[in-house]
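Asker: sequence first, then the predicted structure, then my questions.
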Amino acid sequence: MTYDVAVVGSGPAGASAVRELSGRGISVACIERLHDEGFGRYHRICGEAVSDRTFGKLGWRPSGCVRRVDTIRIAFSDEISVDIPVGGMVVDRPLMLSELMDGCDADIIRGSVRSVGTDDVGYTLELTDGRRIRCRGLIGADGAHSAVRRDVFGTGPTRRLQVFNCIAEGEEDVLSFTVGGYGDGFYGWRFPSGPGKVSIGFPRGHTDPSEVEGIVDWGARDLPFGVQERVVDGCCAIAGDAACLANPLCFGGIGAALLSGREAARAMADGRLERYQHWVSRNPMFSPHFMGAHDTFASWGPEEIADAMGPFRKGYSLARGAYAMMRRPKWAEVYMSVYIAFNLGW
Ligand SMILES: Cc1cc2nc3c(=O)[nH]c(=O)nc-3n(C[C@H](O)[C@H](O)[C@H](O)COP(=O)(O)OP(=O)(O)OC[C@H]3O[C@@H](n4cnc5c(N)ncnc54)[C@H](O)[C@@H]3O)c2cc1C
């Protein structure tokens, strides 16, 4: 089996890449290790919040929306919480992925890629059941434990966090984040989900999921982050979580995956893969400043949080943000990065 392009993974990055490659007269294979129920379960372990900005840039949006959201609320302590006006929605992620792939002109191959090698054609993918797939161009959209990244780029994510996502009975109108007490610059969240349900998340080690009030289901998945400088090697590109593109402050990664998968595929189809490298390197969505701000933020104890967030006691506004940056210039990078991350990073 030899293809012009193989895409490994059909999550947000892979599905978006396949959609972009479809209809261009290119033979495309998409290799996905999970089947119906397992696929749905894996992709539901997620807050499923995506900004309008992402769908605007993508030029496509899913037909269904579980809930519209217009506010992100970040609670820094019992007294200080900041509301940021946003536009976005909670999606039904498995449905969104099937709509993205619907009608695409690609061979969907159920199988797990064990290893990636190079040959005279380009790349050879060896599946765990012994099948081999050859391709001229390769897009690694295979998530946190990317085999493509490991075998072609020889790297793995610099950081990885295991995160629990619980579906519980309850009501929520805003995307609510609680900072402090979660360790390593992380936070807990509570998002609206389906009717009468909320989605509650936190890192491993914080709470036992079975103790979450009103819990009906839960799962855990790894979230990779850190800076990956090279996302292109020869005729291979990595996108989404495989390239560690989730934002290390708000940990939104669906938008990054949808947009990077599309961009990698477009550059590959045009035979100008370096364009994708430039797109990632110059894109403010993936600025290394976010990692710097994450590390500063992770080092803060309750006193620093109270001090740094003091100017926002009476709520958030751009004027208060500017005032905070003047009064506490050493934390200007954090203020700026948090503001940009929660606007651009999901
Ligand atoms: C608990 C949790 C909540 C989150 N909430 C949000 C949120 O609300 N909003 C947001 O924007 N982001 C959120 N994220 C981040 C977001 O889920 C990820 O950044 C996003 O899923 C990345 O998409 P991807 O396509 O790159 O990778 P993935 O979604 O991981 O998809 C990878 C696909 O590749 C397949 N695959 C993997 N290995 C192989 C292999 N060897 N062979 C074949 N197939 C393979 C997998 O089965 C999977 O289908 C959350 C993450 C977690 C863990």
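Answerer: Yes, it's here.
Asker: all contacts plus neighbour counts: C-alpha atoms, from now on.
Answerer: OK.
Asker: in this protein, which ranges drop under the pLDDT threshold?
Answerer: Counting by pLDDT under 70, the chain shows no low-confidence range.
Asker: distance of the spatially most distant residue from the centre of it from the ligand?
Answerer: Largest separation from the mean C-alpha position in the chain: Asp120, at 33.8 Å (Cα atoms, centre = their mean). Using Cα to the nearest ligand atom, to the nearest Å, one gets 22 Å for the distance from Asp120 to the ligand.
Asker: ok, Leu21 next?
Answerer: For Leu21 relative to the ligand (Cα to the nearest ligand atom), the value is 16 Å.
Asker: ditto for Val82
Answerer: Distance of Val82 to the ligand, computed by Cα to the nearest ligand atom: 19 Å.
Asker: just to check, that residue is in contact with Ile74?
Answerer: Yes. If you go by Cα atoms under 8 Å, Val82 and Ile74 touch, sitting 5.2 Å apart.
Asker: how about the secondary structure of the residue farthest from the centre of the chain?
Answerer: Asp120 falls in the coil class when you classify it by DSSP: H, G, I helix; E, B strand; the rest coil.
Asker: dihedrals phi and psi, it?
Answerer: Main-chain dihedrals, Asp120, degrees, to the nearest 10: phi -70, psi -20.
Asker: quick thing: my sequence starts at 57, can you match it?
Answerer: From this message on, residue numbering opens at 57, which makes the last subject Asp176.
Asker: neighbours of Gly67, how many?
Answerer: If you count neighbours by other Cα atoms under 10 Å, Gly67 ends up with 27.
Asker: stretch 209-225: which residues count as buried?
Answerer: Neighbour counts over stretch 209-225 (16 or more other Cα atoms under 10 Å) mark 209, 212-213, 219-225 as buried.
Asker: who touches it?
Answerer: Applying Cα atoms under 8 Å, 6 or more residues apart in numbering, the external contacts of stretch 209-225 come out as 101-103, 200-202, 205-206, 249, 252-260, 265, 268-284, 289, 299-300.
Asker: do you know how far the residue farthest from the centre of the chain is from Gly167?
Answerer: Noted for Asp176: a distance of 23 Å to Gly167, by Cα to Cα, to the nearest Å.
Asker: and what of Ser316?
Answerer: Using Cα to Cα, Ser316 is found at 23 Å from Gly167.
Asker: of the two, which one has the most company?
Answerer: Taking other Cα under 10 Å, Ser316 and Gly167 do not tie; Ser316 has more neighbours (29 against 20).
Asker: what does the stretch 157-306 of the chain put close to the ligand?
Answerer: Residues of the stretch 157-306 of the chain lying near the ligand by Cα under 6 Å from any ligand atom: 167-170, 197-200, 202-203, 219-221, 277-279, 296-298, 302.
Asker: now, those residues that are in strands?
Answerer: Residues of those located in strands (DSSP state E): 169-170, 219-221, 277-279.
Asker: which residues are contacting stretch 279-292?
Answerer: If you take Cα under 8 Å, 6+ apart as the criterion, stretch 279-292 is touched by 178, 192-196, 200, 208-209, 213-219, 293-295, 297, 299-304, 324, 329-330, 332-333, 336-337, 344, 347.
Asker: how deep is Gly120 tucked in, by neighbour count?
Answerer: 14.
Asker: so it, which state does it fall into?
Answerer: Under three-state DSSP, Gly120 comes out as coil.
Asker: right, and it touches Met145 too?
Answerer: No. With contact defined as Cα under 8 Å, Gly120 does not count as touching Met145 (9.9 Å).
Asker: from Phe242, how far off is Thr234?
Answerer: Separation of Thr234 from Phe242 (Cα to Cα) stands at 9 Å.
Asker: dihedrals phi and psi, Pro68?
Answerer: Main-chain torsions, Pro68, degrees, to the nearest 10: phi -50, psi -40.
Asker: quick check: it vs Gly196, distance?
Answerer: 12 Å.
Asker: can you tell me the closest non-neighbouring residue to the residue nearest the centre of the chain?
Answerer: Central residue of the chain (Cα atoms, centre = their mean): Gly309, 1.3 Å from the mean position. Leaving out its chain neighbours, the residue that sits closest to Gly309 by Cα to Cα, 6 or more residues apart in numbering is Ala302, at 4.0 Å.
Asker: now swap in Arg246 and tell me
Answerer: Leaving aside its chain neighbours, Arg246 sits nearest to Ile256 (4.5 Å; criterion: Cα to Cα, 6+ apart).
Asker: what is the burial count for the one you found?
Answerer: 24.
Asker: what's the spacing between stretch 274-282 and its chain's center?
Answerer: Here the centre of stretch 274-282 is set off from its chain's centre by 10 Å, with Cα atoms, centre = their mean, to the nearest Å.
Asker: first-to-last residue distance for stretch 221-229?
Answerer: Counting by Cα to Cα, you get 18 Å between the two ends of stretch 221-229.
Asker: right, I mislabeled it, should have said stretch 356-370
Answerer: Using Cα to Cα, one end of stretch 356-370 lies 21 Å from the other.
Asker: right, and Tyr372 touches Val138 too?
Answerer: Yes. If you go by Cα under 8 Å, Tyr372 and Val138 touch, sitting 5.5 Å apart.
Asker: neighbour-wise, which of the two wins?
Answerer: Counting neighbours by other Cα under 10 Å for Tyr372 and for Val138 shows that Val138 has the greater number, 20 against 16.
Asker: that one looks like it's in a strand, true?
Answerer: Yes. Per three-state DSSP, Val138 lies within a strand segment.
Asker: thank you kindly, that will do.
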